[in-house]
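J.: just coords:
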């Protein structure tokens, strides 16, 4: 087994120090230990400077993200971005603990709602099965059920061992294949799926859930409403109800299994959202008019960053790269 990359290990340590120093619970002993850590080598100091550059560059973006969170969640229970941004801009706080930027943010809040999704939340880490950005994974749930998980997918078991009755898809996308005579249940997005001897794809990456039956039949229920979805058909639902069953573009639904993303007259804003599911860091689109541009392209998941080059060359986007995998498109 290969040992961890020293540079990556130092970067993770620097990020851990950032969270600790911003927790509101840092002690004088922490300050002394931090200063000692930064003087261990030039590489340690460089790792810390890299983390600081990321957060300095992201400062104006945090306020923008706050506005989006507030509009989606009704200003709310989510992360208080404007307060964070103001704290980051405070000259007095920049001097805290030898130059570390220190916002009055609890580490627990950072863990629950990571800024711009730059690291896994507590909820993600607690899931029974999870895939990281760009990762795909096959999970066998006994002899009769297998689940293929796409990127950024979280799944919990319903029941355990011989009493396993199904799974809860917390977020993401998965293809489920069942065999035998027992019903297998998938709960997600306020609905319930039941299948026996079937294969189906479920995508839950926003407020709606899309269920595509590839083989057999799936019964989809939301409250008192039900739809029977047969092979080659799909249905979309949210917590308010179920839409009509329609014919599915099965080839398009399954492209992620082949390691390819395909777009045909898709608005660039939607393309960016999809790229962010597979690419570490964050691509941020800062031009609404550009976001409405229809895009035709095919991308290999193994070289996802080529998409940014294609968007620049084909659609005239300005691309600015920041540390930490952050890219601004305008």
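T.: Yes, it's here. These figures come from a predicted structure and were not determined experimentally.

J.: torsion angles phi and psi at residue 237?
T.: Main-chain dihedrals, residue 237, degrees, to the nearest 10: phi -150, psi 160.

J.: correction: the previous question concerned residue 157.
T.: phi -80, psi 150.

J.: could you list everything it pairs with in the sheet?
T.: Bridge pairing for residue 157 (DSSP bridges) gives the partners residue 167.

J.: ok, now which ones touch it?
T.: Residues near residue 157 by Cβ atoms under 8 Å, 6 or more residues apart in numbering: 128, 141, 164, 167, 168. For the C-beta atoms, the positions are set from N, CA and C on the backbone; glycine is no exception.

J.: would you mind confirming that the third one is in contact with residue 140?
T.: So that's residue 164. No - the pair residue 164 / residue 140 is not scored as a contact, 11.4 Å apart, by Cβ atoms under 8 Å.

J.: which of those two has more neighbours?
T.: More crowded of residue 164 and residue 140, by other Cβ atoms under 10 Å: residue 164, with 16 against 9.

J.: residue contacts, that one?
T.: Neighbours of residue 164 in contact, by Cβ under 8 Å, 6+ apart: 141, 142, 157, 158.

J.: quick one, helices of this structure?
T.: Taking DSSP state H as the test, the helices found in the chain are 6-21, 28-38, 42-73, 81-89, 91-94, 96-99, 107-112, 122-126, 250-253, 268-278, 288-291, 306-315.

J.: low-confidence ranges in the chain?
T.: The chain contains residues with pLDDT under 70 at 1-6, 22-25, 56-123, 125, 323-324.

J.: domain assignment for it?
T.: 6-119, 125-253, 259-329 (automatic domain parsing).

J.: return the most buried member of those domains.
T.: Of those, the one with the most neighbours on average (mean count of other Cβ atoms under 10 Å) is domain 125-253, at a mean of 17.

J.: starting at the chain centroid, how far to that one?
T.: The chain centre lies 18 Å from the centre of domain 125-253; the measure is Cα atoms, centre = their mean, to the nearest Å.

J.: could you shift the numbering so residue one becomes 302, and keep it that way?
T.: All set: I'll call the first residue 302, so the last point we hit is now domain 426-554.

J.: residue 599 is in contact with residue 565, isn't it?
T.: No - between residue 599 and residue 565 there is no contact, the gap being 9.2 Å when judged by Cβ under 8 Å.

J.: next one: residue 499 from residue 520, what distance?
T.: Distance from residue 499 to residue 520, counting by Cβ to Cβ, to the nearest Å: 10 Å.
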